[in-house]
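1. Sequence plus predicted model, see below.
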Amino acid sequence: MSSVGILGGSGLTRLKNLEIRHRRIIRTPFGEASGPLTFGVLNGQEIVFLARHGYGHTIPPHRVNYRANIWALHHVGVSHLIAVTAVGGITAAMQSGVLLVPDQLIDYTHARPSTFFEGGEAQQVIHIDFSEPYCANVRQRLLQGAEKAGISVHPGGTYAATQGPRLETAAEIRRIERDGGDVVGMTGCPEAVLAREIGLCYAPLSLVVNPAAGKAAEPITMEGIDAVMHEGMERVRAVLAAAVPL
Ligand code: HPA
């Protein structure tokens, strides 16, 4: 049987429609996860939820202990993981408010512990195949869930992962666009890498919360982001509820 995990991002520190059963702190070889895992029932399906930035949204993207989070979720038996992320929109289709299930990834992050395979005497050197970074099964379920819920979701896109926590310069966004990036966020890597390494089926559900740097005349403000986030995360919750059971 598959077991579903949901990693909540900015704007999704809790799932209102989750009937919480219990919380559990998991000890990991990589230190502390972002918080205790929340076990509950969503639309009749038992799931495990974790807020990536902590339940009080206090952990910035470059300080998230991605290894501990992924290890903990895997440890409690999660096999399929949905990662909710807020992103900036780069290409024309990616206007604020758009929901998408990305299908590709470019990594611009640096200095983040980004593998479980550190080598050493006891461990062989391992290079995972990452040509298709996301799990086709979870992606499909998300798209079907959206259809069931009557919510429009863009069925693809390339997610560019930047280091943060600052936003990008306009020139950086032009470069990312030339590289083929459709949306930009700060948490997609190394999360997706680690999920693949440990054998978790992982896919993102992303909400565009602002035009990326240089894509609109006005500066990017937290107030503007919050307004889009508030409404958009209601649609995210509806898609998640319809996408489980996986
Ligand atoms: N850039 C990077 N990460 C983001 C953005 C952005 O514009 N918006 C939300 N997360």
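-> Sure thing, it's come through. Predicted model only: the values in this text are computed from it and were never measured.
2. For the lengthiest helix in the chain, buried residues please.
-> Of all segments of type helix in the chain, defined using DSSP state H, the longest is helix 222-243. Within helix 222-243, the residues scored as buried using 16 or more other CB atoms under 10 Å are 224-225, 228-229, 232-233, 235-243. To be clear about C-beta, it is placed using only N, CA and C from the backbone, and glycine gets the same treatment.
3. among these, which are within reach of the ligand?
-> Checked against the ligand using CB under 6 Å from any ligand atom, the buried residues of helix 222-243 yield no neighbours at all.
4. so which of those comes closest to residue 124?
-> Distance to residue 124, by CB to CB, is smallest for residue 243 among the buried residues of helix 222-243, at 35.8 Å.
5. Tell me the spatial nearest neighbour of that closest one, not counting adjacent residues.
-> residue 145 (2.9 Å; CB to CB, 6 or more residues apart in numbering).
6. what's the distance between the one you found and residue 162?
-> To residue 162, residue 145 is 28 Å away according to CB to CB, to the nearest Å.
7. More neighbours: the two, which one.
-> Counted by other CB atoms under 10 Å, residue 145 and residue 162 do not tie: residue 162 has more neighbours, with 27 against 23.
8. show me where the protein has strands.
-> Secondary structure of the chain (DSSP state E): strands at 4-8, 18-24, 37-42, 45-51, 80-89, 99-100, 104-107, 158-161, 183-185, 201-211.
9. Buried ones in the fourth one, by neighbour count?
-> Neighbour counts over strand 45-51 (16+ other CB under 10 Å) mark 47-51 as buried.
10. Let's see the distance spanning stretch 25-45 from one end to the other.
-> Using CA to CA, to the nearest Å, one end of stretch 25-45 lies 21 Å from the other.
11. neighbours around residue 97, how many?
-> With other CB under 10 Å as criterion, residue 97 counts 16.
12. next one: phi and psi at it?
-> Main-chain dihedrals, residue 97, degrees, to the nearest 10: phi 100, psi -20.
13. show me where pLDDT drops low in the chain?
-> For the chain, applying pLDDT under 70 flags the ranges 1-2, 246.
14. got the residues of it near the ligand?
-> 86-88, 162, 167-168, 184-186, 209-210, 212.
15. now, which of those sits nearest the ligand?
-> Nearest to the ligand among these: residue 88, at 2.3 Å, using CB to the nearest ligand atom.
16. So what pairs up with that closest one in the strands?
-> Note on residue 88: beta-bridge partners residue 184, residue 210, judged by DSSP bridges.
17. Pull the contacting residues for the residue nearest to the spatial centre of the chain.
-> Central residue of the chain (CA atoms, centre = their mean): residue 83, 3.2 Å from the mean position. For residue 83, the contacting residues are 7, 9, 52, 187-188, 191-192, 202-205, by CB atoms under 8 Å, 6 or more residues apart in numbering.
18. Ignoring the adjacent residues along the chain, who's closest to residue 59?
-> Excluding the flanking residues, the one nearest residue 59 by CB to CB, 6+ apart is residue 53, at 4.7 Å.
19. The one you found is in contact with residue 60, isn't it?
-> Yes - Residue 53 is within contact range of residue 60, at 7.4 Å (criterion: CB atoms under 8 Å).
20. the more surrounded of these two?
-> Taking neighbours as other CB under 10 Å, residue 53 and residue 60 compare with residue 53 leading, 22 against 13.
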